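>>> here's my sequence, what's the structure:
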Amino acid sequence: MKQFLAALDCRSRAIWWHLCSHGHAKLSDLAHAAGLDSDMEVILCLRQVINPVATTLLGEPVVEFASCRVDQATGEKINFHWWLKPAFWSRPAKGQPLVDVFETGNELVIIVDLNDRADSCQPEVTCRNGIVMIRFDHSSDR
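Predicted coordinates for the structure are as follows:
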């Protein structure tokens, strides 16, 4: 899995982590998570980066589209979402965010999926003595 993640660009990694956190998502959610401007850019990441890299390194595609599928965790019928294949998805531990840190060129990228707990807050970022701290207020009384 480390080789797979290392082979992805930062936007594809953001899509991957969003899917790992939720199991499935609609294109607009994936575009938002990856900072992409259109659904087509997401489809290109899925079809030209994520699945080809997975096929090469893991032996099969990891993401698939379904026009209708039942979410096994909630029992909810979900229409027109992209899904991680079950062999590649397990829910994160309760209350544990997914975190990924990697370098791309001259950037250090940190992805933290807080499971929608920080959607409307502004993170506070501080840097002291080469240590970066990012704080999110995810209290229920915002």
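>>> from now on I want contacts and neighbour counts done on CA atoms only, so please keep to that.
Noted.
>>> flag the shaky bits of the protein, pLDDT-wise.
In the predicted model of the chain, residues 89-98, 104, 113-121, 138-142 satisfy pLDDT under 70.
>>> can you map out the helices along it?
2-7, 10-22, 27-34, 39-45, 51-58 (DSSP state H).
>>> quick one: closest of those to residue 112.
Minimum separation from residue 112 across the helices of the chain (C-alpha to C-alpha) falls at helix 10-22, 8.5 Å.
>>> next, the angle helix 27-34 makes with that closest one.
Interaxial angle, helix 10-22 versus helix 27-34 (axes from the mean of the first three to the mean of the last three C-alpha atoms, to 10 degrees): 120 degrees.
>>> got the CA coordinates for helix 10-22 in CSV?
What follows is helix 10-22, C-alpha atoms only, in CSV (Å, rounded to 0.1, in the frame of the first residue of the first chain):
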residue,chain,number,x,y,z
CYS,A,10,-1.4,15.0,-4.1
ARG,A,11,-4.9,15.5,-5.6
SER,A,12,-5.3,11.7,-6.2
ARG,A,13,-4.2,11.1,-2.7
ALA,A,14,-6.8,13.5,-1.3
ILE,A,15,-9.4,11.6,-3.3
TRP,A,16,-8.1,8.3,-2.0
TRP,A,17,-8.2,9.5,1.6
HIS,A,18,-11.7,10.9,1.3
LEU,A,19,-12.9,7.5,-0.1
CYS,A,20,-11.0,5.6,2.7
SER,A,21,-12.8,7.7,5.3
HIS,A,22,-16.3,7.4,3.8
